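Colleague: Whatever this is, show me its structure:
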Amino acid sequence: MNDELEKSLRSALRPVDPGEKFTQSVLARVAEEQQAAAARQRTPGRSYFGRSARLALRWTSATLAVLLTAGLFTAHQWQSHRTRQGLEARRQLFQALQLTGQNLDVAYRMVNNQEPTGN
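Modeller: Take a look at the predicted model:
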């Protein structure tokens, strides 16, 4: 089984000459691309504008990325600060409720432990 599989893979993957027509079309396309590159180099104004536009786009993209990151970081910091404030307010509220409960217990004991006056 393995020998048959290996033979079929070797025959399927053996190099095949693409033919003269394919070679000519590849060479023609390479020549066209070289001519187009040479034409772009001969027109410095147009090429320069293309480079400066790409450079401006890169700087704009980088600036937007930095601003977005800074904005997200600031929003996260603000949310964290608000969470800490809320937790501190909650702690203070529980402390105040505990103190109030203790004072009410003292007042209740004072009122209920007094001897009734003889009326």
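Colleague: alpha carbons only for contacts and neighbour counts from here, please
Modeller: Fine.
Colleague: Grab the most central residue of the chain for me.
Modeller: The centre of the chain sits closest to residue 69, judged by C-alpha atoms, centre = their mean, with a distance of 8.5 Å.
Colleague: name the element that residue belongs to?
Modeller: Applying DSSP states H and E as the criterion places residue 69 in helix 44-113.
Colleague: which helices and strands sit right next to that helix?
Modeller: If you count contacts as 3 or more C-alpha pairs under 8 Å, 6 or more residues apart in numbering; DSSP states H and E, helix 44-113 packs onto helix 20-42.
Colleague: if I look at residue 9, how far off is residue 3?
Modeller: 10 Å (C-alpha to C-alpha, to the nearest Å).
Colleague: of the two, who's got more company?
Modeller: Taking neighbours as other C-alpha atoms under 10 Å, residue 9 and residue 3 compare with residue 9 leading, 11 against 8.
Colleague: what about that one, distance to residue 78?
Modeller: 62 Å.
Colleague: Residue 98 too?
Modeller: Separation of residue 98 from residue 78 (C-alpha to C-alpha): 30 Å.
Colleague: What's the per-residue pLDDT of the residue nearest to the centre of the chain here?
Modeller: What the model reports as pLDDT for residue 69 is 96.
Colleague: One more: the one 3 residues further on?
Modeller: For residue 72, the model assigns a pLDDT of 96.
Colleague: and if you look at the one 10 residues further on?
Modeller: Note on residue 82: pLDDT of 96.
Colleague: That one and residue 2: what is the separation?
Modeller: Distance from residue 82 to residue 2, by C-alpha to C-alpha: 68 Å.
Colleague: neighbours around residue 40, how many?
Modeller: 14.
Colleague: what's the answer for residue 41, then?
Modeller: 13.
Colleague: do residue 97 as well
Modeller: Residue 97 sits with 12 neighbouring residues when counted by other C-alpha under 10 Å.
Colleague: same deal with residue 18?
Modeller: By the criterion of other C-alpha under 10 Å, residue 18 has 8 neighbours.
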